[in-house]
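A.B. asks: sequence unavailable; structure follows:
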Ligand code: MIG
């Protein structure tokens, strides 16, 4: 472990306080009143962040005082003290210490003997004795009742206390369980909530790292890694929402997507030919299931070579994709990072010629095995390789492809793991796989984003499996290979709300489950929940029971239709949340602790969430149960189906037959709705319906062309709707988009009226 020793002196230099310890130098950097960076450059002197791309520090007033060997630094929001051995306390302005380093004794479990490990391995146990020493090690006190949220796609419940996690992007095809320490994504951002406060910690280091959240000892939690810099951000705030806002201030927000990407998407690993896809599209329309996109998994390619079509299976891709498009379907293709090592294959030849692939320390291209067989790996940490990849995306867009699905980008390899010392080029700085592994998917997504942007001019639609903090700027994410299991239906809520707290707001799970066979009941319940996921894609594995809507009985097909129609009518609500989210960083799917953290019931509530602040979803996630235990937080709520008014801070049982997902609307909400459509853009939307829940409502609604970046130049409309004591008013508060609604339909509990829209109107309902 790196030691610091006595704190000898401190120097203020611009927005930094340099800390001179006897054995090391470190510094605090004041980013904003509420964000302090702690840095010790073991590897290099400056941040080398993949997550934070902008200059985030803003001029901030602070005081720094060094006396009696202790530094005290204060901003408007935070008081920091630093003592010998770099023990740091962060307090709020009332002097409550919220986050405090501790150097108490550790209690690492005694290691197992090698013999004991061998014996256990004979039966197939995987034994990883706890590692007790890290070069970079931060250990913080736990002050009693503390909850931990964050760390990405990890599978434990929402509160991560008592678990240990490893940040090392991992393709995990085995049945996902909460016992796994690592999964596909690295989002090393943690929110800690306790009785007297909340704070965030973002550890911006891409090497393999470990978070032990009181698993070792209830009195502390720790973070450890062996390489890179100590580089973490302390984030202060009043609420979980504040912390998420500040984290996305640093790492970026999820940008507004194209409207069609919010539609239903159908996928399966097993659609082989053009005809398979055409049949899916045809059936969607035949069975009146709204759907906007079909996905082409690996079998569309020629011998799994990226940027090719198999000409037997897809004799005329361009024409076929155009036909799909005429029928309202966008086409999304999978692209894996691995490039088939085959002379004469243009991607391989170009990459070899230009040195675009990862190499061994001896300078040979590094080979492993993935779907194409002998495979090499583009070095996406190199800007030139990202540009090259972005240019190759043109092959897809020229064929009419609208979005790209990036798989296997941990990177996943079939013949053992890629060794740590494989050479990569971190934008000119020589680097290695150990450092670049966790950002491989991030950089690949970034290249894909740039390619789609360049070749289409539209807001890129990228889906990724692996990512790092900040990837939300470039890509949506899915949670990889789940199974058609009730446990995984349940798990989707903590997993997706956690991704949302970590900035990855546009995410979803494979609806109905990827591997294993789904059942009609499970599929129905999964759809009732899944229509509220930002990314709404049904996907399954080769050889499993088919789970396209029409593969189930009439009742279940009806449930697909009913809930997808509900989603399509709610699209303006989803889209408004995305519009706001680009500014605030707030996710669409919010765990209840996001807004109601003073209510202890919300601290460990895994079974429901809100979509924005107005809609609460409490799905049934157990087989055979036709009821749900619902908790409503403070305020009044309306049952969406019965319109019954229910007061909050209230737990009760709601009956829920197979076609009912309990949904509640918060009092004083306005919910905007579009008409039902077979796909987005099927109808010209001239009318907006506003459902009014209460006597004192306000709502801002955004509308634009739904596809390109013109909204950033002001080409959009922002409507403000209010309803107070029977008077409805509408105002165009930003007038920048020529297409306006012709009529508004206002629906209260008592009445529904349709009126012509005027820029500034007031009417008695
Ligand atoms: O190891 O492309 O998670 O969604 O269908 C299988 C085939 C590789 C893993 C992805 C899954 C996809 C599958 N892929």
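C.D. replies: On my side now, so go ahead. For clarity, every value in this text was computed on a predicted model and none was experimentally measured.

A.B. asks: the residue of the stretch 551-700 of the chain found nearest the ligand: neighbouring residues, count only.
C.D. replies: Here the residue of the stretch 551-700 of the chain nearest the ligand is residue 551; by Cβ to the nearest ligand atom that distance is 17.6 Å. In this view, the C-beta of every residue, glycine as well, is placed from N, C-alpha and C. Applying other Cβ atoms under 10 Å, we find 15 residues neighbouring residue 551.

A.B. asks: apart from its neighbours in sequence, what residue is nearest residue 482?
C.D. replies: residue 488 (4.5 Å; Cβ to Cβ, 6 or more residues apart in numbering).

A.B. asks: regarding that neighbour, what is its secondary structure?
C.D. replies: helix (DSSP: H, G, I helix; E, B strand; the rest coil).

A.B. asks: need phi/psi at the closest residue to residue 241 other than its chain neighbours.
C.D. replies: In this structure, residue 241 finds its nearest non-sequential neighbour in residue 594, 5.7 Å apart by Cβ to Cβ, 6+ apart. In terms of degrees, to the nearest 10, the main-chain angles of residue 594 are phi -60, psi -40.

A.B. asks: spit out the contact partners of residue 594.
C.D. replies: 240, 241, 244, 497, 501, 586, 587, 610 (Cβ atoms under 8 Å, 6 or more residues apart in numbering).

A.B. asks: what about the residue nearest to residue 482, distance to residue 138?
C.D. replies: The gap separating residue 488 from residue 138 is 33 Å, by Cβ to Cβ, to the nearest Å.

A.B. asks: which one's more surrounded, those two?
C.D. replies: Comparing residue 488 with residue 138 by other Cβ under 10 Å, the one with more neighbours is residue 488, at 25 against 19.

A.B. asks: what sits against the more buried one?
C.D. replies: Applying Cβ under 8 Å, 6+ apart to residue 488 gives the contacts 176, 482, 509, 513.

A.B. asks: just to check, the first one is in contact with residue 481?
C.D. replies: If I follow you right, that is residue 176. Yes: if you go by Cβ atoms under 8 Å, residue 176 and residue 481 touch, sitting 7.4 Å apart.

A.B. asks: so what's the residue of the chain at minimum distance from the ligand closest to, chain neighbours aside?
C.D. replies: Distance from the ligand to each residue of the chain (Cβ to the nearest ligand atom) is smallest for residue 269, at 3.4 Å. Nearest non-adjacent residue to residue 269, counting by Cβ to Cβ, 6+ apart: residue 297, 4.3 Å away.

A.B. asks: for that neighbour, which residues are in contact?
C.D. replies: By Cβ under 8 Å, 6+ apart, residue 297 lies in contact with 267, 268, 269, 270, 271, 334.

A.B. asks: how about the fourth one, secondary structure?
C.D. replies: Three-state secondary structure (criterion: three-state DSSP) places residue 270 in coil.

A.B. asks: name the residues of the stretch 51-200 of the chain found near the ligand, please.
C.D. replies: Proximity of the stretch 51-200 of the chain to the ligand (Cβ under 6 Å from any ligand atom) is limited to residues residue 173.

A.B. asks: likewise for the stretch 201-350 of the chain?
C.D. replies: Residues of the stretch 201-350 of the chain lying close to the ligand (Cβ under 6 Å from any ligand atom) are 269, 297, 298, 334.

A.B. asks: re earlier: what separates the residue nearest to residue 269 from residue 153, distance-wise?
C.D. replies: Residue 297 is 21 Å from residue 153, by Cβ to Cβ.
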